[in-house]
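Engineer: Please work out how this folds:
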Amino acid sequence: MSGRRALVIGATGLTGRNTAEQLVRSGWAVTGVSRGKAMEIEGVRHMSADILDADSVARLAQEVRATHLFYCTWSRQATEAENIVVNGAMLGNVLDAAGRAGTLEHVCLVTGLKHYLGPFEAYARNPAEPPFRESQPRLEYENFYYTQEDLLWEAADRFCFGWTVHRPHTVIGYTLGNAMNMGVTLAVYGTIARETGIPFTFPGSPEQYDGTTDITDARLLAEHLAWAATAPEARDEAFNVTNGDTFHWRDMWKTVAAGLGVEAAPYPGHATPLDGRMGDAAAVWRRIAGRERLAEPGIERLVSWWHTDSDLGRTVETHADMAKSRAAGFTRTQDSGRSFLDLFDRLRTERIIPSEVGPS
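Structural biologist: Residues are numbered from 1 along each chain as shown. Below you'll find the predicted structure:
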């Protein structure tokens with residue numbers, strides 16, 4: 001393992017952090033890159049870089065000389081056209097720099113199920129038919145995921161490295177400061193509901209409440225990335241990545257509520273978005289954090305109301321087929337209820353939410 005040098009782009013994010021931790025456990029030499037302040041991860045060397053700056057990325061790549069690149073970041077822009085320009089430039093700079101270092105063997109690119117659902121501007125307006133399969137054609141909408149795939153394929157031809165694309169559903173796991181973190185958002189929502197007595201109501205659509213869906217545990221996604229980076233059967237393929245089970249939110253909501261020590265409120269039959277209901281949440285959270293001596297008093301570092309509303313507010317069923325991964329040799333599965341409960345346990349251990357809890 002000592003010859004494998006991983007460069008994890010977005011190492012402080014939800015996917016990147018868990019990937020870096022998994023690679024360290026597997027004996028890799030890991031360098032994590034993020035734009036902002038370093039988040040200490042045991043066994044990971046941290047480097048700061050703005051990957052929109054091609055020169056700084058080139059210097060970093062020459063220093064690290066990675067054998068494997070794990071690209072786990074994105075930058076949200078106001079329009080999909082801007083997403084394409086900015087996220088394309090970011091990935092393009094990294095691929096060019098890492099490729100020119102001359103040591104690159106494999107690139108793992110993490111995208112997601114917006115490949116099948118469409119960009120935010122046309123989200124779930126005319127999606128692919130579930131269960132989503134990797135063989136389904138691209139949608140007709142512009143999508144920065146498609147741009148990133150095209151850039152990856154071109155760079156792989158130019159620099160002769162292998163590649164995989166990984167398409168998770170909503171990722172549940174531990175990190176802070178992430179813009180797409182449903183698990184932590186629900187943990188904060190449940191804590192505030194218990195504190196204030198507001199109903200812990202499922203905020204999403206009837207289609208999500210009663211329909212079939214799935215999620216992706218960040219730990220399982222990290223294992224999938226580590227597997228694909230070295231498995232010959234995975235080379236030059238795109239894969240869906242989910243826990244391998246499906247569920248209905250009408251049942252999972254009770255599990256989430258119990259794990260947070262709060263009662264699940266009756267579903268009102270329509271969406272009640274969090275972004276419109278949690279206007280006083282910041283002040284309530286500061287009060288809870290001060291009293292309980294929590295590690296993070298700033299709610300803006302913990303929640304993504306908009307993203308949770310987007311995921312749970314879909315008016316279509318959303319779940320992905322994992323047969324392609326199974327056929328290639330990745331057979332790991334994860335109980336989705338346990339994904340939430342394990343996350344809540346870690347949030348308590350790290351003093352992110354109060355230690356009082358219901359059954360786990």
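
Engineer: What separation do you get for Val94 and Asp157?
Structural biologist: 17 Å (CB to CB, to the nearest Å). Using the backbone N, CA and C atoms, a C-beta is placed for each residue, glycine as well.

Engineer: neighbour-wise, which of those two wins?
Structural biologist: Of the pair Val94 and Asp157, Val94 is the one with more neighbours under other CB atoms under 10 Å, namely 26 against 9.

Engineer: give the contact list for the more buried one.
Structural biologist: Applying CB atoms under 8 Å, 6 or more residues apart in numbering to Val94 gives the contacts 9, 51, 57, 61, 69, 71.

Engineer: residue ranges of the strands in the stretch 101-250 of the chain, please?
Structural biologist: For the stretch 101-250 of the chain, the strands defined by DSSP state E, counting those that start in this stretch cover 106-110, 162-168, 171-172, 216-217, 237-241.

Engineer: As a markdown table, those with distance to Ala229 and mean neighbour count would be great.
Structural biologist: Listed next are the strands of the stretch 101-250 of the chain as a markdown table, based on distance: least, CB to CB, whole Å; neighbours: other CB atoms under 10 Å:
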| stretch | distance to Ala229 | mean neighbour count |
| --- | --- | --- |
| strand 106-110 | 5 | 25 |
| strand 162-168 | 7 | 23 |
| strand 171-172 | 18 | 26 |
| strand 216-217 | 17 | 28 |
| strand 237-241 | 12 | 22 |
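
Engineer: Which among those is found nearest to Ala257?
Structural biologist: Of all the strands of the stretch 101-250 of the chain, strand 171-172 sits nearest to Ala257, with 15.6 Å by CB to CB.

Engineer: Confirm for me that Arg301 is in contact with Gly177.
Structural biologist: Yes - the criterion here is CB atoms under 8 Å, and Arg301 meets it with Gly177 at 5.1 Å.

Engineer: List the contacts of Arg5.
Structural biologist: Neighbour list for Arg5: 28-29, 31, 64-68, 103 [criterion: CB under 8 Å, 6+ apart].

Engineer: Val110: which of these is nearest?
Structural biologist: Sorting the contacts of Arg5 by how near they are to Val110, with CB to CB, puts His68 at the top with 13.5 Å.

Engineer: List the ones among the contacts of Val94 that fall in helices.
Structural biologist: 57, 61 (DSSP state H).

Engineer: neighbour-wise, which of Arg301 and Gly177 wins?
Structural biologist: The neighbour comparison of Arg301 against Gly177 (other CB under 10 Å) goes to Gly177, with 18 against 13.

Engineer: The more buried one reaches Thr12, doesn't it?
Structural biologist: Yes - between Gly177 and Thr12 a contact is recorded at 6.8 Å, counting by CB under 8 Å.

Engineer: Pull out the buried residues from the longest helix along the chain.
Structural biologist: Longest helix in the chain, counting residues (DSSP H): helix 80-100. For helix 80-100, a neighbour-count test (16 or more other CB atoms under 10 Å) marks 80, 83-84, 86-99 as buried.

Engineer: pLDDT, neighbour count and distance to Leu221 added to the contacts of Val94, as JSON lines?
Structural biologist: JSON lines is the format used below for the contacts of Val94 (pLDDT from 0 to 100; neighbours: other CB atoms under 10 Å; distance: CB to CB, whole Å):
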{"residue": "Ile9", "pLDDT": "97", "neighbour count": "26", "distance to Leu221": "15"}
{"residue": "Ile51", "pLDDT": "96", "neighbour count": "23", "distance to Leu221": "21"}
{"residue": "Val57", "pLDDT": "96", "neighbour count": "23", "distance to Leu221": "24"}
{"residue": "Ala61", "pLDDT": "97", "neighbour count": "26", "distance to Leu221": "24"}
{"residue": "Leu69", "pLDDT": "98", "neighbour count": "27", "distance to Leu221": "16"}
{"residue": "Tyr71", "pLDDT": "98", "neighbour count": "28", "distance to Leu221": "13"}
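
Engineer: Can I get the contacts of Val94 in CSV including distance to His115?
Structural biologist: Below are the contacts of Val94 laid out as CSV (distance: CB to CB, whole Å):
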residue, distance to His115
Ile9, 19
Ile51, 22
Val57, 25
Ala61, 27
Leu69, 20
Tyr71, 15
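
Engineer: Okay, the nearest residue to Ile198 once chain neighbours are set aside and Tyr116: tell me how far apart.
Structural biologist: Using CB to CB, 6 or more residues apart in numbering and skipping the chain neighbours, the partner closest in space to Ile198 is Ile192 (7.1 Å). Distance, Ile192 to Tyr116, by CB to CB: 33 Å.

Engineer: try His248
Structural biologist: Using CB to CB, His248 is found at 20 Å from Tyr116.

Engineer: just Val44 next, same as before
Structural biologist: Relative to Tyr116, Val44 is positioned 32 Å away (CB to CB).

Engineer: Same question for Glu63.
Structural biologist: For Glu63, the distance to Tyr116 equals 38 Å [CB to CB].

Engineer: can you check Ser336 too?
Structural biologist: 19 Å.

Engineer: same deal with Pro127?
Structural biologist: Separation of Pro127 from Tyr116 (CB to CB): 6 Å.
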